[in-house]
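**Q** coords please:
(one chain, ligands or ions: 1)
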Amino acid sequence: MRMVLMGPPGAGKGTQAAAICRRYGVAHISTGDMFRAAMASGSQVGAKAKAYVDRGELVPDDVTIGIVRERLSQPDATNGFVLDGFPRTVPQALGLDELLAGSGLKLDAVVLIEVPEAELVRRAVGRRVCPRCNRVWHLEFNPPPEPGTCSCGGELTLRPDDTAETVRARLAVYRERTEALKDYYAKAGILRVVDGSGSPQEVEALIAGALERCSE
Ligand code: AMP
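**A** Numbering: from 1, shown residues only. Predicted structure coming up:
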């Protein structure tokens, strides 16, 4: 299984990508997680990405395609992968097709999770992440066992780009840059759109159904 999970910020891509990876035993590749890790480690890529990530803007395509190229060459990705948050622009999608074609591969499916905008803001601002194990909680929909603390004991944090103002900026970027990808993948005949407004379990079942239809 080689697939892309698309959707606006707050659509539940991270949660659903983790579930699909467990189901199919493939690698979870999140460019957002990779940028956050690069920033935390103070690497060169992290330094290049920081100003963009902090403002909720897209990191330039060449930097982003570069980290994905490197990640896809790692052994665990040869079994398959779920790309979460990449591609986000048409040039990134073209870059991905080129990378895969270089190894004689192509995408099996692109799943787009759609959620109304007001709901997206509500979801993002309540999100809390564990910097230790990367687990994602939500104050309202999926509260941690103890307030402020992950089940692994880590102290939960609000991502700096999950404030209401930055979320709105990220949604604008999504509308302007990423929505065009819908047409790109629809034309390729691999796009599946699912309604992401239900519970994580409901959305997981819709995605599983959409992926089964792809492999028929
Ligand atoms: P995410 O966790 O997917 O919401 O990503 C967090 C931030 O990382 C985004 O707001 C961007 O600044 C950056 N980022 C993640 N993926 C990409 C991408 N494919 N292209 C450009 N920037 C990205």
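
**Q** send the alpha carbons of the longest helix along the chain over as PDB?
**A** Ranked by residue count, the top helix of the chain under DSSP state H comes out as helix 200-215. What follows is helix 200-215, C-alpha atoms only, in PDB (Å, rounded to 0.1, in the frame of the first residue of the first chain):
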ATOM      1  CA  PRO A 200     -12.200   8.800  14.600                       C
ATOM      2  CA  GLN A 201     -13.600   5.200  14.500                       C
ATOM      3  CA  GLU A 202     -16.300   6.200  12.000                       C
ATOM      4  CA  VAL A 203     -13.800   7.900   9.800                       C
ATOM      5  CA  GLU A 204     -11.400   5.000  10.000                       C
ATOM      6  CA  ALA A 205     -14.200   2.700   8.800                       C
ATOM      7  CA  LEU A 206     -15.000   5.000   5.900                       C
ATOM      8  CA  ILE A 207     -11.300   5.100   4.900                       C
ATOM      9  CA  ALA A 208     -11.000   1.300   5.100                       C
ATOM     10  CA  GLY A 209     -14.100   1.000   2.800                       C
ATOM     11  CA  ALA A 210     -12.600   3.400   0.400                       C
ATOM     12  CA  LEU A 211      -9.200   1.600   0.300                       C
ATOM     13  CA  GLU A 212     -10.900  -1.800  -0.200                       C
ATOM     14  CA  ARG A 213     -12.700  -0.400  -3.200                       C
ATOM     15  CA  CYS A 214      -9.300   0.800  -4.600                       C
ATOM     16  CA  SER A 215      -7.900  -2.700  -4.500                       C
END
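
**Q** Let's test this: mean pLDDT of it, rounded?
**A** On average, the pLDDT along helix 200-215 is 89.

**Q** So what's the residue count around the residue of the chain found nearest the ligand?
**A** Nearest to the ligand, among the residues of the chain, is residue 32, at 2.1 Å (CB to the nearest ligand atom). Where C-beta positions appear, they are placed from N, C-alpha and C, glycine not excepted. Neighbours of residue 32 under the rule other CB atoms under 10 Å: 19.

**Q** Go ahead and confirm it touches residue 84.
**A** Yes - if you go by CB atoms under 8 Å, residue 32 and residue 84 touch, sitting 7.5 Å apart.

**Q** shared neighbours, those two?
**A** residue 14 (CB atoms under 8 Å, 6 or more residues apart in numbering).

**Q** coming back round to it: and the closest residue to the residue of the chain closest to the ligand other than its chain neighbours, what is it in contact with?
**A** The shortest distance from residue 32 to any residue other than its chain neighbours is 4.7 Å, reached at residue 85 (CB to CB, 6 or more residues apart in numbering). Counting by CB under 8 Å, 6+ apart, residue 85 makes contact with 5, 13, 30-32.
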